[in-house]
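K.L.:
Build me a model from this:
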Amino acid sequence: MASPSAPHGAARIPYFTQEQVFDHIEQQVLSGALAVGDRLPSERALCAEYKVSRPVIREVLRGLQERGYIDVFPGRGSFVREVATSDLARPLARMAQRGNVTARHLVSARTMLECEAAAMAAAHGSDEQIAVIGDALRRHQAARILPELARTDLEFHEAVAQASRNPVIAVMFGAIRSLVYGLMLRSLSDRQVMQAGDPWHAAIYEAIANRDAEKARAAMAEHLRLALDFYGEDLDVPLDDVLTAWGIDVARIDHDLA
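P.N.:
Predicted coordinates for the structure are as follows:
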């Protein structure tokens with residue numbers, strides 16, 4: 001693949017800043033000039049192209065990787081990757097840690113987002129998408145250990161968001177998926193919450209499968225509201241602190257979701 005063309009005005013600029021190099025390669029990816037699966041030129045070629053040092057190029061590649069634009073494989077090179085909705089979760093999770101996001105905040109946001117997603121899934125979801133929700137429900141019902149219970153719970157809710165057939169809803173849920181997973185770990189560690197909340201998954205699925213938008217919306221609302229009834233003081237404590245108090249390793253969340 002040919003190396004990307006230099007930024008406009010290259011003939012008048014003896015060298016480029018790290019920011020200019022990053023912005024240009026980013027624009028190549030966003031415009032499709034560098035497509036998913038394309039291999040970026042080697043570090044040496046990029047140094048020659050932009051007239052910058054190898055440390056600058058390495059910082060640019062690291063930034064592109066952190067933003068989710070590329071995957072870097074030692075010995076093979078850097079490749080443009082497909083963007084996933086979950087890519088938004090990492091910066092939001094870091095923001096949540098600094099902003100002291102609580103369970104109450106998250107339940108409120110999920111109620112606004114997921115109740116409508118459930119209603120839209122019932123009204124507009126394809127038969128195949130509804131079948132995916134059912135498959136996720138069965139995997140969740142068969143799960144026994146906490147990480148598996150939480151992962152399948154997350155898969156169920158992600159499938160509902162996808163079945164809404166609204167890509168913005170899917171992206172928004174993807175942005176909070178790591179926070180939602182943490183909340184699920186807290187809920188599923190609590191026998192009282194689990195016993196009260198888990199049966200609602202079947203009710204949500206049945207309403208969606210029956211194409212009953214109002215029942216799907218109401219079932220999702222009841223499912224999410226249970227945290228407000230059972231969490232007690234945990235509702236208004238930063239979520240990371242709650243998870244730590246319950247013996248849940250916050251640092252492993254990204255690893256579990258990888």
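
K.L.:
What segments of the chain are helices?
P.N.:
With DSSP state H, the ranges of helices along the chain come out as 18-31, 43-50, 54-66, 89-99, 103-124, 127-142, 146-163, 167-188, 191-197, 199-209, 213-230, 239-245, 253-257.

K.L.:
List just the one of these that sits closest to residue 82.
P.N.:
Checking the helices of the chain against residue 82 by C-beta to C-beta gives helix 18-31 as the closest, at 10.9 Å. (Each C-beta comes from the backbone N, C-alpha and C, glycine too.)

K.L.:
how close does residue 227 get to residue 240?
P.N.:
Applying C-beta to C-beta, to the nearest Å, one obtains 16 Å for the distance of residue 227 from residue 240.

K.L.:
Neighbour count for the two, which is higher?
P.N.:
With other C-beta atoms under 10 Å as the criterion, residue 227 and residue 240 differ in neighbour count, and residue 227 comes out ahead with 22 against 19.

K.L.:
quick check: domain ranges of this protein?
P.N.:
The record assigns the chain these domain ranges, following automatic domain parsing: 10-83, 87-257.

K.L.:
Any chance of JSON lines for those domains, columns mean pLDDT?
P.N.:
As requested, the domains of the chain are exported to JSON lines (pLDDT from 0 to 100):
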{"stretch": "domain 10-83", "mean pLDDT": "88"}
{"stretch": "domain 87-257", "mean pLDDT": "92"}
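
K.L.:
Determine which stretch of these is the most buried.
P.N.:
For those, ranked by mean neighbour count under the definition mean count of other C-beta atoms under 10 Å, the leader is domain 87-257 at a mean of 18.

K.L.:
Just give the nearest non-adjacent residue to residue 237, would you?
P.N.:
Spatial nearest neighbour of residue 237, excluding adjacent residues (C-beta to C-beta, 6 or more residues apart in numbering): residue 102 at 6.3 Å.
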